[in-house]
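> just a sequence and a predicted model for now, questions to come.
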Amino acid sequence: MSEENRGLLETFENQHPNRDYEIEISVPEFTSVCPKTGQPDFGTIHITYIPEALCVELKSLKMYMQAYRNQGIFYENVTNVILNDLVECLQPRWMQVRAEFTPRGGISSTITVEHYNETPPDELTVI
């Protein structure tokens with residue numbers, strides 16, 4: 001399903017590729033389904049990244065996130081899959097995905113995953 005979901009993501013050219021800057025995106029209405037119980041999972045997904053050549057187009061990101069609505073997937077897996085899909089599409093200098101899931105049965109979970117591009121450009125110029 002990840003490849004199918006990843007196909008929903010669109011990008012646009014970073015207008016300032018020679019500058020390091022952070023983009024922070026919050027998705028406060030993320031939903032998926034617990035693969036064990038079939039119950040809905042609700043959470044907020046926080047995406048923070050330093051772009052290289054590309055940025056994610058937000059409407060496509062919304063459609064991508066909505067594709068998980070009826071998918072049975074564990075918290076830890078969906079957080080890593082989202083990071084993997086975004087890194088595959090954007091090739092950012094750095095990215096973090098933090099998933100904060102609402103309590104179910106008195107327990108809440110937060111999963112944080114990161115990616116760092118270890119081969120940044122040789123020279124960055126601050127404009």
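All right, it came through fine. Numbers count the residues shown, from 1 in each chain.
> for this protein, give me the ranges with low pLDDT.
Counting by pLDDT under 70, the chain contains low-confidence ranges at 1-2, 119-127.
> what about the helices in it?
2-6, 58-66, 75-90 (DSSP state H).
> buried deepest among those helices, which one?
helix 75-90 (a mean of 18; mean count of other CB atoms under 10 Å). Every C-beta, even on glycine, is put in place using the N, C-alpha and C of the backbone.
> which other helices and strands does that one contact?
helix 2-6, strand 40-50, strand 54-56, strand 94-104, strand 107-116 (3 or more CB pairs under 8 Å, 6 or more residues apart in numbering; DSSP states H and E).
> quick one, what contacts K62?
Residues near K62 by CB atoms under 8 Å, 6 or more residues apart in numbering: V27.
> any idea how far it is from W94?
Distance, K62 to W94, by CB to CB, to the nearest Å: 23 Å.
> one step back: switch the helices and strands packed on helix 75-90 over to a markdown table; also include distance to E88.
Converted to a markdown table, the helices and strands packed on helix 75-90 look like this (distance: least, CB to CB, whole Å):
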| stretch | distance to E88 |
| --- | --- |
| helix 2-6 | 6 |
| strand 40-50 | 13 |
| strand 54-56 | 11 |
| strand 94-104 | 11 |
| strand 107-116 | 10 |
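> nearest to P17, out of these?
strand 54-56 (9.1 Å; CB to CB).
> thinking again about what came up before, and the helices of the chain as CSV, adding distance to P28?
Below are the helices of the chain laid out as CSV (distance: least, CB to CB, whole Å):
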stretch, distance to P28
helix 2-6, 19
helix 58-66, 10
helix 75-90, 15
